[in-house]
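K.L.:
Let me see the structure of the following:
(2 chains)
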Amino acid sequence: MKKAPFLRSYTLFYLLFLYAPILLLPIFAFNSGKVVAFPLQGFTLGWFSEMLADENLRIAAKNSLIIALSVASMSTVLGVFAARASVRYSFPGKAPIMGLIMLPLVLPEMIVAMALLVVLLSLNVPLSLFTVIIGQVLITTPFAVAILTSAFQSLDKSLEEAAMDLGETAWGTFRLIVLPLVMPGIMASFLICFTISFDEFIISNFLGSGQPILSVYIFGQFRFPAKVPSMLALGTVLVCFSIILLGFAEYMRRRGIAKAGGKDSGGFL
Amino acid sequence: MAATPRSEARAGLKLISPTAIYVILLLAVPLATVLVYSVMTGGRANVSLPLTFDNYAQLGTKWVYGYILLKSLLIALSVTAITVLLAYPVAYFVSFHIKPERKSLWLFLITIPFWTSYIIRVSLWFVIIGKDGLLDSSLMSLGIMDQPLNLASYGIPSIILVLAHAYAPFAVLPIFVSLEKVDRSLLEAGQDLGESRWITFLRVTLPLSMPGVIASSLIVFIPTVGDYVTPKLVGDGKQPLIANFIETQLLKLQDFPQGSAFAVVSMLMVAIVSIGFVFLNKRFIGGQK
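P.N.:
The predicted structure follows:
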C-alpha cells in the first residue's frame, strides 16, 4: 500500500466532521450544567434519571418499539415474497411491479406520506399507530427487497433441485433448504428495517394520531433548552443501541457470506 | 427469455401478489388520488368537479410556487455537489490506500453516523449553531467574538451545512464500490506508459468511477430535496422547502387540489433531475464499452 499522508489526514478530518456532533452527546449527557456550554461543570447521572422518569418518553419509546417491530416484520415478509419471486421466476408485469415496490426509494418521503394521508382522510380512517405502521412499511420494504434479493441471488439453485428430486414438496424445499440459507439476509433485513423505522420522522409525524412516537417526541423536546440535556442522555443511549444493532447486522452479513461460500467484499448493503 | 412457461408465470405472480397488492393499494392508489385531486376544483378540505387545469395555471402565475421549487432544487443540488466532492477523496483513500482486510472497519466507521438517529443529528446542529448555541457561547467565552454569530439564522447556508453533514455518509459507499471495481492493472499500464499519477487518475480512475459518483449524487439528492426537518429547525424556520410547503398547503390551508398540483409538479421535478442523473450514468457506462 502506498502512503498518502495528505489523503489520510483528510479522511481523518472528514471522520471528525462526521462524528463531531455525535461526540457532544456523551460529553453533555454526563455534564451537570443546565445549559449546553463549555466549560464543563461536573459529572452527573442526573440527566439519565430525568430521562427514565419521563412518563411521556416511556410511552413514546414503547410506541416506537411496537411500530418498529411490526414494520420490520411486515416489510421483511413482504420483501421475502417480492425478492424470491423476482429472483426465481419470470412473469408478465415483473418490471412495473418491482418498479412500484422500489418507488419510495426515489420519491420524496413527504409525497408518499401526504398521498397516503389524503386518502386516509377522505376515507375517514382514524389516524393511529396502525396508520404509521402501514405507511412506514412502504418506505422500508424497498430496503428489505434489496437486501433479500442479493441473499436469494447467492443461493445455489442446484440445492433446491436436489431437494425436489429427492421428493420434497415446493414448500418443504423452501422451508428446509432455502429459508435456512437466506436466514442471515432475513435477519439483516429485519434489523435494517427496524433501524429505519425507529428513526423515521415524517410518516410518524403526519400519519400518527398525536400519540407520542420517539422521533417526533425528540424533535419537539429539543426546542426547550431545559429539556436538551436529558435528550442528549437519550441520544447517547440510542447511539449505543444502534451501534450494537449494526455490529450484529454486520456479523449476520459476514456469517451469511461465509455460509454461501463467498468472499467478503466488504461493506454494508 | 422469449416465452415464459405459463405455470412459471403463475407461480411468480402468486408469490409476488401480497407485496404487489400492498403497494398498489397503499402507494399506487394514493398517488393516483393526488393526481386526480390536482385537476379538480377545490374548497376547504374537499374536492369537487368540474375538472380543471387551474391549479397548474396557478403554479405558473404565483411566484411563490416557482420560488420554493427553485430554492429547494438549488439547495439540494448544492448539498449534493458538496457531499460528493467531500466524499470522493475519502472513498478513494479507503479503496486505494487501506489494506483489504481493514476496509470493512473503515466503512463501518464511516457508516455508523448514518445509522444514528437522524433527528438527533439534526437537532444537535441546532444545539451547536442555534440561538445561544454551543458555538456562540464557546466563541464568546474564549473572547474570539463579542457578538453571537447565530449561524442558524443565516437561513440557506445553514440549511446547506446541516444537510451536507446529515447525508455525508450516503455519498461515500457508492463511490467506494465503483472505485473497488477499477482494474488496478489499467493504472499500472497508464503509469508504465509514462503518464503521471495525477493524469492517470484523471484519465482512467475518475471516468471509471463516474457511475459511483452519479449513484451517490442520486442517493443524496432525493432525500435532501424532500427534507422536512432541517428547514424547520435551522434558518429560523423561515426558509420552507418543498416538504414544508406541501404541509402548509395540504394540512394548514387544506387546499387539496392546489397542494396536490404542487406535489405532482415537485414529483415531476425530482423525477426529471433523477432521470438526468441516470442518463448521465448510462452515457458513462456506454462510453466504457
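K.L.:
contacting residues around residue 230?
P.N.:
No chain was given, so I picked chain A. Residues near A:S230 by Cβ atoms under 8 Å, 6 or more residues apart in numbering or on different chains: A:47-48, A:50-51, A:54, A:221. C-betas here are computed from N, CA, C, even on glycine.
K.L.:
ah, I was thinking of chain B
P.N.:
B:122, B:159, B:162-163, B:166.
K.L.:
buried ones in the helix or strand bottoming out on mean pLDDT in chain A?
P.N.:
None of the helices or strands of chain A scores lower by mean pLDDT, DSSP states H and E than helix A:46-53, at a mean of 76. Neighbour counts over helix A:46-53 (16 or more other Cβ atoms under 10 Å in any protein chain shown) mark A:47-48, A:50-51 as buried.
K.L.:
Pipe the contacts of B:T230 into JSON lines and attach distance to A:A85, neighbour count and pLDDT per row.
P.N.:
Compiled in JSON lines, the contacts of B:T230 are given as follows (distance: Cβ to Cβ, whole Å; neighbours: other Cβ atoms under 10 Å in any protein chain shown; pLDDT from 0 to 100):
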{"residue": "B:V122", "distance to A:A85": "37", "neighbour count": "23", "pLDDT": "85"}
{"residue": "B:I159", "distance to A:A85": "41", "neighbour count": "24", "pLDDT": "87"}
{"residue": "B:V162", "distance to A:A85": "40", "neighbour count": "28", "pLDDT": "87"}
{"residue": "B:L163", "distance to A:A85": "37", "neighbour count": "29", "pLDDT": "89"}
{"residue": "B:A166", "distance to A:A85": "35", "neighbour count": "24", "pLDDT": "86"}
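K.L.:
Now flag whichever of those is closest to chain A.
P.N.:
B:V122 (8.5 Å; Cβ to the nearest Cβ).
K.L.:
Which helix or which strand is home to the closest one?
P.N.:
helix B:118-129 (DSSP states H and E).
K.L.:
Determine the set of other helices and strands touching that helix.
P.N.:
Helix B:118-129 sits against helix A:5-29, helix A:214-221, helix A:228-259, helix B:134-141, helix B:156-166, helix B:229-233, with contacts defined as 3 or more Cβ pairs under 8 Å, 6 or more residues apart in numbering or on different chains; DSSP states H and E.
K.L.:
Could you rerun that using 6 Å?
P.N.:
helix A:214-221, helix B:134-141, helix B:156-166, helix B:229-233 (3 or more Cβ pairs under 6 Å, 6 or more residues apart in numbering or on different chains; DSSP states H and E).
K.L.:
so the second one versus helix B:118-129, what angle?
P.N.:
The one in question is helix B:134-141. Put simply, helix B:134-141 runs at 20 degrees to helix B:118-129, going by axes from the mean of the first three to the mean of the last three Cα atoms, to 10 degrees.
K.L.:
Return the alpha-carbon coordinates of helix B:134-141 using CSV.
P.N.:
As requested, the backbone C-alpha atoms of helix B:134-141 are provided in CSV (Å, rounded to 0.1, in the frame of the first residue of the first chain):
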residue,chain,number,x,y,z
LEU,B,134,-22.6,25.9,21.8
LEU,B,135,-20.7,27.6,19.1
ASP,B,136,-21.6,31.1,20.1
SER,B,137,-21.2,30.6,23.8
SER,B,138,-17.8,29.0,23.2
LEU,B,139,-16.5,31.7,20.9
MET,B,140,-17.7,34.4,23.2
SER,B,141,-16.3,32.9,26.3
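K.L.:
Could you give the average pLDDT over that helix?
P.N.:
If you average the pLDDT over helix B:134-141, you get 75.
K.L.:
now stretch B:42-56
P.N.:
73.
K.L.:
From the chain's centroid, how far away is it?
P.N.:
In this view, stretch B:42-56 has its centroid 31 Å away from the chain centroid, taken as Cα atoms, centre = their mean, to the nearest Å.
K.L.:
quick one: stretch A:96-106 to chain centroid distance?
P.N.:
Counting by Cα atoms, centre = their mean, stretch A:96-106 comes out at 18 Å from the chain centroid.
K.L.:
which residues sit against it?
P.N.:
Contacts to stretch A:96-106, defined as Cβ atoms under 6 Å, 6 or more residues apart in numbering or on different chains, come from residues A:82, A:86, A:112, A:138-139, A:142, B:19-20, B:23, B:28, B:222, B:274.
K.L.:
In JSON lines, list the residues you listed along with pLDDT, distance to A:P21 and secondary structure.
P.N.:
As requested, the contacts of stretch A:96-106 are exported to JSON lines (pLDDT from 0 to 100; distance: Cβ to Cβ, whole Å; DSSP: H, G, I helix; E, B strand; the rest coil):
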{"residue": "A:A82", "pLDDT": "93", "distance to A:P21": "36", "secondary structure": "helix"}
{"residue": "A:S86", "pLDDT": "89", "distance to A:P21": "39", "secondary structure": "helix"}
{"residue": "A:V112", "pLDDT": "92", "distance to A:P21": "28", "secondary structure": "helix"}
{"residue": "A:L138", "pLDDT": "95", "distance to A:P21": "30", "secondary structure": "helix"}
{"residue": "A:I139", "pLDDT": "93", "distance to A:P21": "24", "secondary structure": "helix"}
{"residue": "A:P142", "pLDDT": "94", "distance to A:P21": "28", "secondary structure": "helix"}
{"residue": "B:T19", "pLDDT": "92", "distance to A:P21": "37", "secondary structure": "helix"}
{"residue": "B:A20", "pLDDT": "91", "distance to A:P21": "41", "secondary structure": "helix"}
{"residue": "B:V23", "pLDDT": "91", "distance to A:P21": "36", "secondary structure": "helix"}
{"residue": "B:A28", "pLDDT": "92", "distance to A:P21": "39", "secondary structure": "helix"}
{"residue": "B:I222", "pLDDT": "89", "distance to A:P21": "23", "secondary structure": "helix"}
{"residue": "B:S274", "pLDDT": "86", "distance to A:P21": "29", "secondary structure": "helix"}
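K.L.:
for these, which one is nearest B:S7?
P.N.:
A:S86 (17.5 Å; Cβ to Cβ).
K.L.:
so which helix or strand takes in the residue lying closest to the closest one once chain neighbours are set aside?
P.N.:
Nearest non-adjacent residue to A:S86, counting by Cβ to Cβ, 6 or more residues apart in numbering or on different chains: A:M98, 5.6 Å away. For A:M98, the element it lies in under DSSP H and E is helix A:94-102.
K.L.:
pLDDT averaged over that helix - what is it?
P.N.:
Mean predicted lDDT for helix A:94-102 stands at 90.
K.L.:
Let's see that helix as PDB, backbone CA atoms only.
P.N.:
C-alpha atoms of helix A:94-102 as PDB (Å, rounded to 0.1, in the frame of the first residue of the first chain):
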ATOM      1  CA  LYS A  94     -42.400  -8.000 -13.400                       C
ATOM      2  CA  ALA A  95     -40.700  -4.800 -14.200                       C
ATOM      3  CA  PRO A  96     -43.600  -2.400 -13.400                       C
ATOM      4  CA  ILE A  97     -44.400  -4.300 -10.200                       C
ATOM      5  CA  MET A  98     -40.800  -4.300  -9.000                       C
ATOM      6  CA  GLY A  99     -40.600  -0.600 -10.000                       C
ATOM      7  CA  LEU A 100     -43.600   0.200  -8.000                       C
ATOM      8  CA  ILE A 101     -42.300  -1.600  -4.900                       C
ATOM      9  CA  MET A 102     -39.000   0.200  -5.200                       C
END
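K.L.:
My understanding was that B:I175 contacts B:A91; is that so?
P.N.:
Yes - taking contacts as Cβ atoms under 6 Å, B:I175 lies within contact range of B:A91: 3.8 Å.
K.L.:
B:A215 and chain A, how far apart?
P.N.:
12 Å (Cβ to the nearest Cβ, to the nearest Å).
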